[in-house]
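Chemist: Could you work out the structure for the sequence below:
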Amino acid sequence: MPDSRRRTAGRRAAAPAPPRTTLSLAELVSAAAVRAPQAVALACGPDSLTCVELDRAVAALAGELRERGVRPGDAVGVLAGTGLEFVVEAHAVLRAEGVVVPISPASPPPEAARMLRIAEVTMVLADAEREEHAWASAELYDRRCGALVVAAGARRGGPNLVPLRTLAAAATPPSPERVAAATPAVILFTSGSEAHPKAVVHSHESLMWNCQCVAREMLALGSADVMLGALPLAHSFGFSAVVNAALLAGARLELLPRFDADAAWDLIYQRGITVLTGVPTMYSRLANHPRSTRNTDLRAGVVSGAACPPAVAAAVRTRIGIDLIERYGMTEASPLTWRTMAEAGAAGDVGRPGWGVRLRAVGPGGGPLGPSREGEIEVRAPGMMLGYLDPADTARAMRDGWLRTGDLGAVGADGALTLRGRLKDVILRGGHTISAAEVEAVLAAHPGVAEVAVLGIPHPDLGEELAAAVVLGAGADVAEADLERAVVSQLASWKRPRRWRFLDALPRTALGKVRRDHLRRLFAE
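Modeler: Next comes the predicted model:
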């Protein structure tokens, strides 16, 4: 039976300021092995790793990377799904003092190759399921860039394949070297509002602060907790708020490679899950599933990636018996604010800032505005990025040390943040942040397309869905399927528009700007 005393965790009332950690990301695994060597750190289906096995696997793979020429500061791509292999590979790169470059498995080889090129990776790590994907991406980027596969189910190795069990059975390693706090640790790609992907560089310190904030201040995680990890690990939410937070707190992490509500309920029932993390769509499907029940060990759920509809939070509260903690943040800085959704709040309320986070609203000229006045939200936080790889991107995003979020909102006298909308033209679909400009650029390159506008329209399950309004060139004979193929050949599948309209012309203002409000009404019809 669930322990009702645990359900209060995650509330903001008496959250102490988290102590400043002295660890680096490269020491998270080794510290867990010292603290509880035989405790299960990770499980994925029938496979699992204890803390000491994880430490051995990470150290052994780090040694393999060094033998293959990876040097401190080198970038290494990781193209793997939500499984044991991703965690081992990412932390092996950190143990080798390299920089992790997570690549979403949903990115087709041309898109993945662009990211590898931007990050200038030395090599690519993959799991067995994505071996061909990794090699294709690496060869498109640079024929000298190879791929190394770690396979959980393999019994024998090869020139470019290492069985996970072989790594886990290696000798117990010495403690890793301390890595300076400001050293780059991870490069994450975010669409933002630009047509080109932006490479966000995080330090060991910023990502340690991220996972520490989640584990200690937001959730009070401990060794009795079991977290469900169903999020993509190539994104900051999955890697920091799930994997690293669990390692820091000593919680067991149950990984689910592909989210399915029925499979998730199996784990909740059978593995004693206490904490959920997910996007609104996941919670909607869990709450509305025939097997949903309040009779579990669940005590908390964190929701992020898009604004969570109050109806979803109410359904989770009623049918599952937990209050959702809604958090606000971005790849560049996270988490920034959060709130328990059982608490009354105005529309757009995303809670109060965590320890050390400073928020302000500024006017068009960049001047700070007073309490409750609406402007662009800017932030300074311990978990903030070092910058973008492209200095021009950094210059546009920063103002006197403050990060421009591109969100419109107001900061109350008590520090509470209320969001009113987005200044940047992005679409939030099922927890993914999608640049309309990036999708438009691919469609505009099609020889039959004269003009195109991509926008987000409301969707009851995903939050927003991609819609494309297309003007064809004279005499062009192009169908939806042709354009869909063009998108999925270049971009991840979740960036494909599902709604299409072919128009004679795009509606525009007197100054030539596309009237997206008119297009939204057109799709609503």
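Chemist: Could I get the phi/psi values of the residue most central in space within the chain?
Modeler: By Cα atoms, centre = their mean, the mean C-alpha position of the chain lies nearest to His235, the distance being 2.7 Å. Torsion angles at His235 (phi, psi; degrees, to the nearest 10) stand at phi -110, psi 160.
Chemist: How much space separates it from Ala180?
Modeler: For His235, the distance to Ala180 equals 26 Å [Cβ to Cβ, to the nearest Å]. C-beta here means a position set from N, CA and C on the backbone, and glycine is covered the same way.
Chemist: One more: Arg144?
Modeler: Counting by Cβ to Cβ, the gap from Arg144 to Ala180 is 30 Å.
Chemist: likewise Gly401?
Modeler: Distance, Gly401 to Ala180, using Cβ to Cβ: 21 Å.
Chemist: before we move on, what about Leu472?
Modeler: Distance from Leu472 to Ala180, by Cβ to Cβ: 55 Å.
Chemist: out of those two, which sits in the busier spot?
Modeler: Leu472 (18 against 9; other Cβ atoms under 10 Å).
Chemist: which residues does the more buried one bridge with?
Modeler: Note on Leu472: beta-bridge partners by DSSP bridges are Val449.
Chemist: which ones are touching it?
Modeler: By Cβ atoms under 8 Å, 6 or more residues apart in numbering, Leu472 lies in contact with 448-450, 478, 502.
Chemist: what does Gly430 give?
Modeler: 279, 281, 305-306, 461-463, 494.
Chemist: Now tabulate those residues in TSV and tack on secondary structure and distance to Arg291.
Modeler: Formatted as TSV, the contacts of Gly430 follow (DSSP: H, G, I helix; E, B strand; the rest coil; distance: Cβ to Cβ, whole Å):
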residue	secondary structure	distance to Arg291
Val279	coil	20
Thr281	helix	18
Gly305	coil	24
Ala306	coil	25
Asp461	coil	18
Leu462	coil	22
Gly463	strand	24
Trp494	helix	26
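Chemist: Weed out the non-buried ones from those residues.
Modeler: Buried by 16 or more other Cβ atoms under 10 Å: 279, 281, 305-306, 462-463, out of those.
Chemist: how about those residues, which pair is most distant?
Modeler: Pairwise distances across the buried ones among the contacts of Gly430 peak at 10.5 Å for Gly305 and Leu462 (criterion: Cβ to Cβ).
Chemist: Give me the contact list for the longest helix along the chain.
Modeler: For the chain, the longest helix by residue count, based on DSSP state H, is helix 51-67. Applying Cβ under 8 Å, 6+ apart, the contact partners of helix 51-67 are 29-30, 32-33, 35-42, 49, 76, 87-89, 91-93, 95-96, 98, 123, 148, 150, 162, 164, 166-173, 176.
Chemist: Those residues in strands, which ones?
Modeler: 40-42, 49, 76, 123, 148, 150, 162 (DSSP state E).
Chemist: Most neighbours of all those, which one?
Modeler: Val150 (28 neighbours).
Chemist: next one: phi and psi at the closest residue to Ala444 other than its chain neighbours?
Modeler: For Ala444, ignoring the flanking residues on the chain, the nearest one in space by Cβ to Cβ, 6 or more residues apart in numbering is Val452 at 5.4 Å. Main-chain torsions, Val452, degrees, to the nearest 10: phi -150, psi 150.
Chemist: What segments of the stretch 151-300 of the chain are helices?
Modeler: 164-168, 204-212, 236-238, 245-249, 261-271, 280-287 (DSSP state H, counting those that start in this stretch).
Chemist: mean confidence for the third one?
Modeler: In this model, helix 236-238 carries a mean pLDDT of 92.
Chemist: can you list contacts of that helix?
Modeler: Here helix 236-238 has contacts from 82, 188, 202, 210, 229, 231-232, 277, 304-305, 331, 334, 431, using Cβ under 8 Å, 6+ apart.
Chemist: so can I have a markdown table of those showing pLDDT and distance to Arg358?
Modeler: Formatted as a markdown table, those follow (pLDDT from 0 to 100; distance: Cβ to Cβ, whole Å):
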| residue | pLDDT | distance to Arg358 |
| --- | --- | --- |
| Thr82 | 96 | 33 |
| Leu188 | 97 | 22 |
| His202 | 97 | 19 |
| Asn210 | 95 | 16 |
| Gly229 | 97 | 31 |
| Leu231 | 93 | 28 |
| Pro232 | 92 | 30 |
| Thr277 | 96 | 25 |
| Ser304 | 90 | 20 |
| Gly305 | 82 | 23 |
| Thr331 | 92 | 19 |
| Ser334 | 93 | 15 |
| Gly431 | 83 | 26 |
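Chemist: Now render these as TSV, adding distance to Ala397.
Modeler: Shown next, in TSV, are these (distance: Cβ to Cβ, whole Å):
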residue	distance to Ala397
Thr82	29
Leu188	14
His202	14
Asn210	18
Gly229	30
Leu231	25
Pro232	24
Thr277	27
Ser304	20
Gly305	20
Thr331	11
Ser334	15
Gly431	22
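Chemist: Top of the residues you listed by number of neighbours, please.
Modeler: Highest neighbour count within the contacts of helix 236-238: His202, with 30 neighbours (other Cβ under 10 Å).
Chemist: For the closest residue to it other than its chain neighbours, which residues are in contact?
Modeler: Closest residue to His202 apart from its sequence neighbours, by Cβ to Cβ, 6+ apart: Val186 at 4.9 Å. Taking Cβ under 8 Å, 6+ apart, we find Val186 in contact with 25, 99-102, 201-202, 207, 239.
Chemist: Give me the lowest-pLDDT entry from these.
Modeler: Lowest pLDDT of the contacts of Val186: Leu25, 93.
Chemist: Please report how far Leu221 lies from Arg516.
Modeler: If you go by Cβ to Cβ, the gap between Leu221 and Arg516 works out to 41 Å.
Chemist: Compare those two (neighbour count), which wins?
Modeler: The neighbour comparison of Leu221 against Arg516 (other Cβ under 10 Å) goes to Leu221, with 23 against 17.
Chemist: Apart from its chain neighbours, what residue comes closest to that one?
Modeler: Nearest residue to Leu221, sequence neighbours excluded (Cβ to Cβ, 6+ apart): Ala249, at 3.5 Å.
Chemist: how deep is the one you found tucked in, by neighbour count?
Modeler: 22.
Chemist: pretty sure it is in contact with Asp225, am I right?
Modeler: Yes. Using Cβ atoms under 8 Å, Ala249 is in contact with Asp225, at 6.8 Å.
Chemist: coming back round to it: filter the contacts of Leu472 to the buried ones?
Modeler: Buried by 16+ other Cβ under 10 Å: 448-449, 478, out of those.
Chemist: Need the per-residue pLDDT for Gly348.
Modeler: At Gly348, the model reports a pLDDT of 83.
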